[in-house]
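Novice: Below is the sequence, then the predicted model.
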Amino acid sequence: MLSRHQQKIPTTVFTGFLGAGKTSLIQNILRQADGRRIALIVNEFGDIGVDRELLLGCGDANCTEEDIVELANGCICCTVADDFVPTMQSLLARNPLPDHIVIETSGLALPKPLIKAFNWPEIKSRVTVDGVVAVVDAAAVRDGLFASDPAKVDQQRQADDQLDHESPLEELFEEQLGAADLVIANKADLVDEGDWDIIETRIQKELRQGVGVVRASHAAVPLDILIGQGAAAEDDLESRKSHHDDGEDHEHDDFTSFHVDIPAQDDPTAFAAHVKRVVADQRVLRVKGFVEVMGKPMRLAIQGVGDRIQHYYDRPWKVGEPKVGKLVVIGEHDLNQAAIVDALGKPASVAA
């Protein structure tokens, strides 16, 4: 049997428009947690986003400050490398680890790019997408609006200056349903029984075969329905059709990683600037590692997402520890590994 640290941590992704009931559903999960340690990543943002205090105030021991991470820098599907991946890495560094991770996406998020990010090398071996749950406002679907307040959704769109897709509301609705493993048709108390044929026909048209639709009022859904689906959605991208697919076959190894041995450096600032140039030239997504600085008793940590490179001394070299510099480089599968190794594997003064 796998140990706790070898098992993949299941993650449930909740998608749906502003006002559909995602936050209420997550509050419900926390109330039913029954001792499970649940970490939350909340992606609604700005004044019109989900109020984080609602989750902190749910009255359950699982609603602790440290277990709720808010990504307020824009739509999660547009800021994967900058925000989502480092956040997941920080959760995976915790002790104890979470038993389950819940992600509440912005109503503007395209689910498929987020699911794809779970194939990032540092995440894939540790975490799996247990299920994608789309929350829809049943009364809005009945009325052909898809969201209870389209004007607020539009306001949300205008507030996100990092949004890199301009999908119409109906197209976003189709994207969310097309990626789902389960659909919660919320606000059933606002819908007459005779309206359900219209609602479910509209929903089912966008679903993959076998995806269920659960009716709910006030987001009251048993926990065992929401989690424990075992979908491994990151391994099932091909069936989750998107308007943004480019028509090419998508492999599950879209990301690659390798390490570069780094010689001792004499100028940390020059080396960080050199790493930044290489990252920009070669379209590297992420670098991290440690370097020896000549004459210094402490090792130099290097961390970078995109072209934002940080360097700092993190701790002294241990007695007997080899002062070997290494950088892990992560990017898409077509990275020019030879060029990157050649550029980084020499002192900055020589490379410049």
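Specialist: Perfect, thanks for sending it.
Novice: where does the stretch 251-352 of the chain dip in pLDDT?
Specialist: 251-255, 305-308, 332-333, 346-352 (pLDDT under 70).
Novice: can we see that at 90?
Specialist: By pLDDT under 90, the low-scoring segments of the stretch 251-352 of the chain are 251-260, 279-290, 301-312, 314-315, 317-337, 344-352.
Novice: Relative to the lengthiest strand in the chain, what are the paired strands and their orientations?
Specialist: Longest among the strand segments of the chain by residue count, using DSSP state E, is strand 127-137. Sheet pairing of strand 127-137 (DSSP bridges) gives strand 9-15 (parallel), strand 182-186 (parallel).
Novice: for the protein, what helix or strand is lowest in average pLDDT?
Specialist: In the chain, the helix or strand scored least confidently by mean pLDDT, DSSP states H and E is helix 52-56, which has a mean of 43.
Novice: Skipping adjacent residues, who's closest to the residue lying farthest from the centre of the chain in space?
Specialist: Within the chain, the residue lying farthest from the chain centre (CA atoms, centre = their mean) is Gly295, at 40.3 Å. Spatial nearest neighbour of Gly295, excluding adjacent residues (CB to CB, 6 or more residues apart in numbering): Asp266 at 7.8 Å. (C-beta placed from N, C-alpha, C; glycine too.)
Novice: right, and the one you found touches Met294 too?
Specialist: Yes: using CB atoms under 8 Å, Asp266 is in contact with Met294, at 4.9 Å.
Novice: so what pLDDT did the spatially closest residue to Ser239 that is not a sequence neighbour get?
Specialist: Among residues not flanking Ser239 along the chain, Arg208 sits closest, at 5.6 Å (CB to CB, 6+ apart). You'll see Arg208 listed with a pLDDT of 90.
Novice: Helix or strand for Arg208, just tell me which one.
Specialist: Taking DSSP states H and E as the definition, one finds Arg208 inside no helix or strand.
Novice: can you check the one 10 residues further on too?
Specialist: Element membership of His218 [criterion: DSSP H and E] is none; it lies in no helix or strand.
Novice: Hmm, it is touching Leu190, no?
Specialist: No: using CB under 8 Å, His218 is not in contact with Leu190, being 10.5 Å away.
Novice: Pull up the overlap in contacts between the two.
Specialist: When CB atoms under 8 Å, 6 or more residues apart in numbering defines a contact, no residue borders His218 and Leu190 alike.
Novice: roughly how far apart are the residue farthest from the centre of the chain and Leu92?
Specialist: 34 Å (CB to CB, to the nearest Å).
Novice: Going along the chain, name the helices of the chain.
Specialist: 22-31, 52-56, 85-92, 111-117, 121-124, 138-142, 150-159, 169-178, 196-204, 223-226, 268-282, 337-344, 348-351 (DSSP state H).
Novice: Let's have the ones you listed in a markdown table, adding distance to Thr15 and mean neighbour count.
Specialist: Converted to a markdown table, those look like this (distance: least, CB to CB, whole Å; neighbours: other CB atoms under 10 Å):
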| stretch | distance to Thr15 | mean neighbour count |
| --- | --- | --- |
| helix 22-31 | 8 | 21 |
| helix 52-56 | 17 | 15 |
| helix 85-92 | 17 | 18 |
| helix 111-117 | 5 | 22 |
| helix 121-124 | 19 | 18 |
| helix 138-142 | 15 | 22 |
| helix 150-159 | 13 | 15 |
| helix 169-178 | 5 | 21 |
| helix 196-204 | 14 | 15 |
| helix 223-226 | 13 | 16 |
| helix 268-282 | 31 | 18 |
| helix 337-344 | 35 | 16 |
| helix 348-351 | 44 | 14 |
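Novice: can I see the domain layout of this structure?
Specialist: The chain breaks down into these domains under automatic domain parsing: 9-235, 255-351.
Novice: Quick one: the ones you listed as a markdown table, columns for distance to Ser242 too.
Specialist: Shown next, in a markdown table, are these (distance: least, CB to CB, whole Å):
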| stretch | distance to Ser242 |
| --- | --- |
| domain 9-235 | 5 |
| domain 255-351 | 18 |
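Novice: Distance check, Val260 against Gln303.
Specialist: Distance from Val260 to Gln303, by CB to CB: 15 Å.
Novice: before we move on, back to that, and the strands paired with strand 127-137 as TSV, adding distance to Ala339, mean pLDDT and mean neighbour count?
Specialist: Shown next, in TSV, are these (distance: least, CB to CB, whole Å; pLDDT from 0 to 100; neighbours: other CB atoms under 10 Å):
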stretch	distance to Ala339	mean pLDDT	mean neighbour count
strand 9-15	35	93	25
strand 182-186	45	94	25
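Novice: closest one to Gly325 among those?
Specialist: Nearest of those to Gly325, taken as CB to CB: strand 9-15 at 30.8 Å.
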